[in-house]
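**Student:** Quick one, what's the 3D model for this:
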Amino acid sequence: SFVHPPELHDELISVFGNDHLSFDTIDEFRDAPDWYMQTARSLPLRVHRRAEMAEWLMENRPTDVAAFYFGEADTAAHHFWAFHDPNSPRRPRSFEPHLEGVLRKVYIALDESVGRLVNAAEAEAVVLLSDHGSGGASHIAVHLNRLLESAGLLTFKRRRTELINTDIIRSKAPGLLPPKWRRTLFRLAGGMAPALAESYLRFAGIDWKNTLAFSEELTYSPSVWFNQVGREPKGTLPYHFRDNAARAVEKAAMELHTPDGRPLVKRVIRREQLHRGAYAHLFADLHIEFHPIDGYTPVCLPSRGILGDPVSVLHGDQLLGRKGRSLPGCHTANGLLVAAGKYLPENKRVCASIIDVAPTITALADVPRAPWFEGREVVPRPGTQAAVPTPHSRDYAVSSGTSGYAAGEDRLVAERLKRRGSRDES
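**Tutor:** You can find the predicted model right below:
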């Protein structure tokens with residue numbers, strides 16, 4: 001198990017039973033007619049059971065700082081958004097009326113559980129945080145590797161209309177295995193078995209010797225990697241041609257349109273605009289931000305080594321999907337950060353980034369911030385009147401209408417980008 005220290009595992013099992021500790025107490029791969037009804041009943045119950053465990057841990061394993069994760073809001077939004085949203089292009093024509101209120105019931109359960117934990121903790125400060133938002137997915141799908149192939153940046157192994165249907169392998173096969181067997185298989189190769197299998201399914205159709213760029217085709221992170229010499233196992237793109245490749249991807253992406261002619265891509269963001277530091281190389285070279293279509297985010301689907309149109313329209317059973325396939329709810333860029341405590345001002349709104357979370361926690365605990373923190377303390381430290389004015393020390397892209405920077409920081413960032421040559425005078 002992932003419980004630490006190990007002896008705590010047995011103690012939790014004896015108090016709560018094994019189902020508290022499994023990631024797949026709700027089987028998101030199972031494809032059965034009653035799945036939605038069963039999951040609708042299970043999600044709010046699971047929220048309350050997690051809160052029960054969290055309360056027990058605070059009482060029996062007290063700490064200065066306690067953090068608890070509730071994944072049910074994410075699961076509910078991914079699977080039940082089309083039932084919740086009457087305007088969703090993925091909404092079924094008919095369904096059990098009970099399903100329409102599932103997302104709301106999950107949030108009610110979360111609200112009740114947060115209140116329970118706040119009362120139990122008697123903490124000086126409480127932070128409620130999400131790492132992303134949620135919204136509806138469009139019925140418009142983009143196949144990024146087909147886009148790269150059409151731009152001459154990627155080559156599929158064989159020009160044929162169909163290979164092995166990897167969608168079926170990815171989405172159906174896990175659901176055929178009992179959860180216990182699935183966990184055993186996933187532990188193979190030191191836990192690398194799932195990653196190896198997924199890599200094969202996504203990339204088996206690519207001719208790497210004739211490919212300059214490729215995509216993982218992930219809806220939650222639409223992105224492109226360069227097949228760079230010295231970095232990728234079969235790299236073909238020399239480092240000094242990265243800019244040329246980026247421009248080619250940008251041109252092809254900005255020419256993508258929906259079947260009725262609306263632009264699909266808002267912008268292509270280079271890695272240097274988003275990430276810096278020792279681990280920046282672990283992120284994709286280019287990130288693609290889609291235009292919402294009628295308020296819904298286009299999704300990415302795997303090309304499966306098949307030539308075809310980079311844009312497709314989902315129909316029928318494709319609209320609801322299951323884990324491993326396209327889901328009717330998706331992530332959005334803007335999440336939530338709420339802080340409350342006796343040292344904090346009431347009803348004060350701040351604009352924050354995810355890099356501000358760790359510095360803010362250290363401020364609430366009134367301990368020194370780590371030297372590598374790059375974000376701001378967006379709340380005042382105990383005994384002070386205002387938040388520590390630590391400016392963001394990096395440039396990052398913000399997709400909302402607001403810039404994401406405090407007063408005066410827009411100008412500083414603009415000047416810094418201009419000096420780097422990343423922004424023109426306009």
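**Student:** Identify the residues contacting the residue nearest the centre of the chain.
**Tutor:** Nearest to the mean C-alpha position of the chain, by CA atoms, centre = their mean, lies residue 220 at 4.8 Å. Residue 220 sits next to 330-331 when contact means CB atoms under 8 Å, 6 or more residues apart in numbering. Yep, even glycine has a C-beta here, placed from its N, CA and C like the rest.
**Student:** A strand includes it, no?
**Tutor:** No. Secondary structure of residue 220 (DSSP: H, G, I helix; E, B strand; the rest coil): coil, not part of a strand.
**Student:** what about it, distance to residue 247?
**Tutor:** 26 Å (CB to CB, to the nearest Å).
**Student:** One more: residue 224?
**Tutor:** Residue 224 is 12 Å from residue 247, by CB to CB.
**Student:** Looking only at neighbour counts, state which of the two leads.
**Tutor:** When residue 224 and residue 247 are compared for neighbours, residue 224 comes out ahead with 27 against 11, by other CB atoms under 10 Å.
**Student:** for the stretch 201-350 of the chain, what spans make up the helices?
**Tutor:** Listed from the start of the chain, the stretch 201-350 of the chain has helices (DSSP state H, counting those that start in this stretch) covering 242-254, 271-274.
**Student:** and the ones you listed, which one is worst for confidence?
**Tutor:** Looking at those, the lowest mean pLDDT belongs to helix 271-274 (a mean of 93).
**Student:** Surely residue 291 is in contact with residue 263?
**Tutor:** Yes. Between residue 291 and residue 263 a contact is recorded at 5.8 Å, counting by CB atoms under 8 Å.
**Student:** Please put the alpha-carbon coordinates of stretch 105-118 into CSV.
**Tutor:** Provided in CSV are the C-alpha atoms of stretch 105-118 (Å, rounded to 0.1, in the frame of the first residue of the first chain):
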residue,chain,number,x,y,z
LYS,A,105,-24.8,16.1,-4.5
VAL,A,106,-21.1,15.4,-4.6
TYR,A,107,-20.4,19.1,-3.9
ILE,A,108,-22.9,19.1,-1.0
ALA,A,109,-21.1,16.1,0.5
LEU,A,110,-17.8,17.9,0.1
ASP,A,111,-19.1,21.0,1.8
GLU,A,112,-20.5,19.0,4.7
SER,A,113,-17.2,17.1,5.0
VAL,A,114,-15.1,20.2,4.9
GLY,A,115,-17.2,21.7,7.7
ARG,A,116,-16.8,18.5,9.7
LEU,A,117,-13.0,18.6,9.4
VAL,A,118,-12.8,22.3,10.2
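**Student:** List the buried residues in it.
**Tutor:** 105-107, 109-110, 113-114, 117 (16 or more other CB atoms under 10 Å).
**Student:** before we move on, what about stretch 5-12?
**Tutor:** Going by 16+ other CB under 10 Å, stretch 5-12 has these buried residues: residue 12.
**Student:** Please compute how far it lies from its chain's middle.
**Tutor:** 30 Å (CA atoms, centre = their mean, to the nearest Å).
**Student:** With stretch 84-96 instead?
**Tutor:** 23 Å.
**Student:** end to end, how far does that stretch reach?
**Tutor:** Stretch 84-96 has an end-to-end distance of 12 Å (CA to CA, to the nearest Å).
**Student:** in it, what's buried?
**Tutor:** In stretch 84-96, counting by 16+ other CB under 10 Å, buried: 84-85, 88-91.
**Student:** cool, and stretch 303-320?
**Tutor:** Applying 16+ other CB under 10 Å to stretch 303-320 flags 303-306, 310-312, 314, 318-320 as buried.
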